[in-house]
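quick one: sequence and predicted model below, then my questions.
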Amino acid sequence: MINRGRKDKTNNFKLYVQRSIRQMRLEKKWTQEQLGKKLGVDQASISNYESGKTEMTCTQLFELFLIFGKDLSNVFDFKNSNIQDVPIEEQEKE
(Lines give C-alpha, C1' and ligand atoms only; values in the text may rest on other atoms or scores of the structure.)
Protein backbone atom coordinates (compact mmCIF):
# COMPACT_ATOMS: atom_id res chain seq x y z
CA MET A 1 0.00 0.00 0.00
CA ILE A 2 1.31 3.44 -0.94
CA ASN A 3 1.90 5.88 1.87
CA ARG A 4 -0.67 8.72 1.64
CA GLY A 5 2.02 11.40 1.78
CA ARG A 6 3.94 9.71 -1.00
CA LYS A 7 0.80 9.39 -3.10
CA ASP A 8 0.07 13.10 -2.67
CA LYS A 9 3.62 13.94 -3.74
CA THR A 10 3.28 11.69 -6.79
CA ASN A 11 0.05 13.40 -7.79
CA ASN A 12 1.63 16.82 -7.25
CA PHE A 13 4.51 15.76 -9.50
CA LYS A 14 2.09 14.70 -12.25
CA LEU A 15 0.32 18.06 -12.08
CA TYR A 16 3.66 19.85 -12.13
CA VAL A 17 4.71 17.95 -15.27
CA GLN A 18 1.41 18.72 -17.01
CA ARG A 19 1.69 22.42 -16.26
CA SER A 20 5.36 22.49 -17.25
CA ILE A 21 4.64 20.99 -20.66
CA ARG A 22 1.96 23.55 -21.40
CA GLN A 23 4.01 26.46 -20.03
CA MET A 24 7.12 25.58 -22.03
CA ARG A 25 5.06 25.07 -25.19
CA LEU A 26 3.33 28.42 -24.79
CA GLU A 27 6.64 30.18 -24.09
CA LYS A 28 7.85 28.94 -27.49
CA LYS A 29 4.50 29.93 -29.03
CA TRP A 30 4.08 26.41 -30.37
CA THR A 31 0.75 24.74 -30.98
CA GLN A 32 0.09 21.28 -29.63
CA GLU A 33 0.41 20.01 -33.20
CA GLN A 34 3.84 21.63 -33.63
CA LEU A 35 5.12 20.14 -30.39
CA GLY A 36 3.63 16.77 -31.31
CA LYS A 37 5.57 16.73 -34.59
CA LYS A 38 8.80 17.46 -32.75
CA LEU A 39 8.10 14.70 -30.22
CA GLY A 40 6.83 12.23 -32.82
CA VAL A 41 3.24 12.08 -31.57
CA ASP A 42 -0.04 13.61 -32.73
CA GLN A 43 -1.76 16.72 -31.39
CA ALA A 44 -4.23 14.65 -29.36
CA SER A 45 -1.35 13.04 -27.45
CA ILE A 46 0.03 16.44 -26.46
CA SER A 47 -3.44 17.48 -25.35
CA ASN A 48 -3.73 14.30 -23.30
CA TYR A 49 -0.30 14.85 -21.69
CA GLU A 50 -1.20 18.42 -20.77
CA SER A 51 -4.60 17.45 -19.36
CA GLY A 52 -3.32 14.41 -17.48
CA LYS A 53 -5.43 11.91 -19.42
CA THR A 54 -2.25 10.16 -20.54
CA GLU A 55 1.12 9.96 -18.82
CA MET A 56 4.34 10.28 -20.75
CA THR A 57 6.98 7.60 -20.50
CA CYS A 58 10.26 8.57 -18.87
CA THR A 59 11.90 8.50 -22.29
CA GLN A 60 9.27 10.82 -23.77
CA LEU A 61 9.61 13.18 -20.83
CA PHE A 62 13.38 13.26 -21.21
CA GLU A 63 13.07 13.83 -24.97
CA LEU A 64 10.57 16.62 -24.35
CA PHE A 65 13.00 18.52 -22.17
CA LEU A 66 15.78 17.99 -24.71
CA ILE A 67 13.46 19.52 -27.34
CA PHE A 68 12.99 22.54 -25.10
CA GLY A 69 16.69 22.70 -24.26
CA LYS A 70 15.99 22.30 -20.56
CA ASP A 71 18.10 20.62 -17.92
CA LEU A 72 15.86 18.33 -15.87
CA SER A 73 17.63 19.30 -12.66
CA ASN A 74 16.64 22.92 -13.26
CA VAL A 75 13.12 22.19 -14.46
CA PHE A 76 12.29 19.97 -11.53
CA ASP A 77 13.61 21.91 -8.60
CA PHE A 78 12.49 19.50 -5.90
CA LYS A 79 13.87 21.61 -3.08
CA ASN A 80 11.68 24.58 -4.00
CA SER A 81 8.52 22.67 -4.89
CA ASN A 82 5.89 20.73 -3.00
CA ILE A 83 7.49 17.54 -4.32
CA GLN A 84 9.97 16.07 -1.90
CA ASP A 85 11.66 12.75 -1.37
CA VAL A 86 10.04 10.33 1.03
CA PRO A 87 12.33 9.66 4.01
CA ILE A 88 13.99 6.22 3.87
CA GLU A 89 12.34 5.30 7.17
CA GLU A 90 8.89 5.68 5.57
CA GLN A 91 9.91 3.63 2.53
CA GLU A 92 11.08 0.76 4.76
CA LYS A 93 7.73 0.59 6.59
CA GLU A 94 5.87 -0.25 3.38
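Thanks, I have the structure now.

got any ranges where this structure has weak pLDDT?
1-2, 72-94 (pLDDT under 70).

helix, strand or coil for the residue nearest the centre of it?
Geometric centre of the chain, nearest residue: residue 17, 2.4 Å, by Cα atoms, centre = their mean. Of the three states, residue 17 takes helix under DSSP: H, G, I helix; E, B strand; the rest coil.

name the nearest residue to it, sequence neighbours excluded.
Leaving out its chain neighbours, the residue that sits closest to residue 17 by Cβ to Cβ, 6 or more residues apart in numbering is residue 61, at 7.0 Å. For glycine as for every other residue, the C-beta is placed from the backbone atoms N, C-alpha and C.

re earlier: the residue nearest to the centre of the chain contacts residue 56, doesn't it?
Yes - Residue 17 lies in contact with residue 56 (Cβ atoms under 8 Å); the separation is 7.4 Å.

could I get the full set of helices for this structure?
4-27, 32-39, 43-51, 58-67, 72-75, 88-93 (DSSP state H).

how about the longest one: buried residues?
Read that as helix 4-27. Across helix 4-27, burial judged by 16 or more other Cβ atoms under 10 Å covers 9, 16-18, 20-22, 24-25.

same for that helix, what does it pack against?
Taking 3 or more Cβ pairs under 8 Å, 6 or more residues apart in numbering; DSSP states H and E as contact, the helices and strands that helix 4-27 lies on are helix 43-51.

what inclination does the helix it packs on have with respect to helix 32-39?
100 degrees (axes from the mean of the first three to the mean of the last three Cα atoms, to 10 degrees).
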